[in-house]
Structure formats: structure tokens, C-alpha cells
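Colleague: this is a predicted model, with the sequence first.
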Amino acid sequence: LAERIRTRQVSPVEVVQAHLDRCERLNPVLNAFVTLVPEHAFEAAHQAEREIAAGHYRGALHGIPLGIKDIFDTAGIRTTHGSSFYRDHIPAEDAASVTLLKQAGAIVLGKCNTHEFAAGSTSNNPWYGPSRNPWDTTRSPGGSSGGSGAAVAAFLCPGATGTDTGGSIRNPAACNGVVGLKPTYGRVSLQGIYPNAISLDHPGPLTRTVRDAGLFLQGMAGHVREDPTSVDVPVPDFTADIDAGVKGMRFGF
């Protein structure tokens, strides 16, 4: 998708429209998104279209619509943390990782459903309803990032953010048949994300392929000086050696 956007075979506006059309059809059943922001997404898509036409392509996330787990602050967009207490909460600033994703050109499509305060493994939310597994809607998509996992699996968005304290990225990745990556602690900033267990929280991507996970992490990662948990290390190209495979590596379980 990034290559087609870069070469202007499709526009970010068309990409956003296609995903919103799919959300309109499927989200009422899946409840993967609790908030969709078409106006915000189209405004960002038109800006991306202008930038790319002018030769200012920012990279693989430029013009790509993403879902954001609803415990990440998003400026001007409702952030409920999965709770009735925050039903009308609209943050003034983005979470640090959302800021980085926007700087990479990514577009916020909406906020993905989550277990209340991300404190559970089913995404059966008492206030906003349960998210459902797109492979079998009688089953759970896992949690707490279940809305993110379901949205990615059902092609409602190419990727979505999640957080993992005790399995909340890995669990929905397994349940929905997608790729979830729990990055090294401190690689992605926790600033602007509702805390579950501050020493165990890991923000990360959910995508449909390993390469996409690397590209997504590339956009999320980076040192944030104001965040004491954020590690000041360079951000490498996470997909640089992906075609080399795993031959010769040793893995321990």
C-alpha cells in the first residue's frame, strides 16, 4: 500500500475512504472501533496527498490510516480508556507515540475498543460493548487490545496500536491470526498512555505481516526526554535484514 501511495497509483484520500467504507459495513458487528473520525482522517489524507504530490514523501507510513487503542491520548479525539468515567474525555495532546506516527505521515482513522482500562483479556467492555472476532463473531478477539486485533484482521485498517502488560498485544494477535509485537521495554514511550502497571507496560504494533510490524514500530519508536521510562537509544531500520530469515540464529524458550 505504501508503494502504491508513494508512486501515486492511489491517493491517501482513496485509501481512507476505502477503509471507512469497510468500517461502515463491518464495524457495527465487530465493534472493533468505538470512535471513528472521518473528518479528521480526510483532512490528514488531503494534507498527505498534497505533500506527496509536491515530492515530500515521508516514508512507508505516509498516508496510511491506523487504528489507535483507546488508552492512547489523541488530541481533539475522544479517548475513553474503555471506561464510563472518560466517556466524554477529549485530550489536548497526543500520546508521544501517536505524535511520532503522525510525524511519519500516518493518519488516525479512529480509536479501537479495549477492555476497561486495558485490565483484562477479552475486550468484553461493559460500557461500549464487546469486540468480536472477525473469524467467528461468537468468539472473543482476545484482549485487552482486542479491538485493535479485530480491526487489523478484518481489514478495517492496515495496522493498529496496542499495549502489552501481561499479554494484551500477543493475546489478540494469536486470537485474530495477525502479527503482534511487544517491543523491548522503553523502546516506545509510555507518555500519554493510560498506565496499567508502569514497570510492565509495553506499547507496540498489531499488523497483518511481520514486515508491516517493523515499519509500524519504526514510526512508534523513539526517545522521549520527558518520559523517564523511555530509553535513549538509536532507532534502527527494523526491516533492514528481514529477508535474511532466521538461518543460523538460536532461540530459547
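Modeller: On my side now, so go ahead.
Colleague: how much space separates Pro91 from Ile71?
Modeller: Using CB to CB, to the nearest Å, one obtains 11 Å as the distance from Pro91 to Ile71. To be clear about C-beta, it is placed using only N, CA and C from the backbone, and glycine gets the same treatment.
Colleague: find the residues that touch each one of the two.
Modeller: Taking CB atoms under 8 Å, 6 or more residues apart in numbering as the criterion, Pro91 and Ile71 both touch Thr79.
Colleague: of the two, who's got more company?
Modeller: Counted by other CB atoms under 10 Å, Pro91 and Ile71 do not tie: Ile71 has more neighbours, with 32 against 17.
Colleague: and the residue nearest to the more buried one when sequence neighbours are not counted, how many neighbours?
Modeller: Counting by CB to CB, 6 or more residues apart in numbering, Ile71 lies nearest to Tyr194, which is 4.0 Å off, once chain neighbours are set aside. Tyr194: 23 surrounding residues under other CB under 10 Å.
Colleague: for Tyr194, list the residues it contacts.
Modeller: Going by CB under 8 Å, 6+ apart, Tyr194 touches Ile71, His81, Phe117, Ala118.
Colleague: and the longest helix seen in the chain, what's buried?
Modeller: Identified as the longest helix of the chain according to DSSP state H is helix 12-30. In terms of neighbour count (16 or more other CB atoms under 10 Å), helix 12-30 has its buried residues at Pro12, Val13, Val15, Val16, Gln17, His19, Leu20, Cys23, Leu26, Asn27, Leu30.
Colleague: now these as CSV including pLDDT and distance to Tyr128?
Modeller: Listed next are the buried residues of helix 12-30 as CSV, based on pLDDT from 0 to 100; distance: CB to CB, whole Å:
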residue, pLDDT, distance to Tyr128
Pro12, 98, 28
Val13, 98, 29
Val15, 98, 26
Val16, 98, 23
Gln17, 98, 25
His19, 98, 20
Leu20, 98, 19
Cys23, 98, 15
Leu26, 98, 17
Asn27, 98, 12
Leu30, 98, 13
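Colleague: tell me the one of those nearest Pro130?
Modeller: Lowest distance from Pro130 to the buried residues of helix 12-30 (CB to CB) belongs to Leu30, with 9.8 Å.
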